[in-house]
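Undergrad: Okay, structure incoming, though there's no sequence with it:
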């Protein structure tokens, strides 16, 4: 499922962040807001190091 397919006004996932927030952050190709820049920096650090924080490697699958 793509982020754009996730429903709005639903309970957030294990990160506590509603899908509407993530949708706003990825709506622009070049990060402009402070939050977008922080998220991009975190993702780049994880990519460059090849490590994911243990609190970020959890996913919940609901059938």
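TA: Here it is on my side, so go on. Please read these numbers as outputs of a predicted model, since none were measured by experiment.

Undergrad: From residue 8, how far off is the residue nearest to residue 53 when sequence neighbours are not counted?
TA: Nearest non-adjacent residue to residue 53, counting by C-beta to C-beta, 6 or more residues apart in numbering: residue 46, 7.7 Å away. All C-beta spots, glycine's among them, are computed from the backbone N, C-alpha and C. As judged by C-beta to C-beta, to the nearest Å, residue 46 and residue 8 stand 27 Å apart.

Undergrad: for residue 62, same thing?
TA: In terms of C-beta to C-beta, residue 62 sits 17 Å off from residue 8.

Undergrad: who has more neighbours, the two?
TA: Comparing residue 62 with residue 8 by other C-beta atoms under 10 Å, the one with more neighbours is residue 8, at 8 against 4.

Undergrad: who touches the residue most central in space within the chain in this structure?
TA: Geometric centre of the chain, nearest residue: residue 22, 5.5 Å, by C-alpha atoms, centre = their mean. By C-beta atoms under 8 Å, 6 or more residues apart in numbering, the contact set of residue 22 is residue 3.

Undergrad: top helix in the protein by residue count?
TA: Under DSSP state H, the helix in the chain containing the largest number of residues is helix 34-49.

Undergrad: ok now the helix or strand of the chain with the lowest mean pLDDT, how far from the chain's centre?
TA: When each helix and strand of the chain is scored by mean pLDDT, DSSP states H and E, helix 19-26 comes last, with a mean of 80. Computed by C-alpha atoms, centre = their mean, to the nearest Å, the separation of helix 19-26 from the middle of its chain amounts to 8 Å.

Undergrad: Give me the buried positions along that helix.
TA: Applying a neighbour-count criterion of 16 or more other C-beta atoms under 10 Å, one finds 19, 22, 25 buried in helix 19-26.

Undergrad: Quick check: which ranges of the chain have low pLDDT?
TA: 1, 63 (pLDDT under 70).
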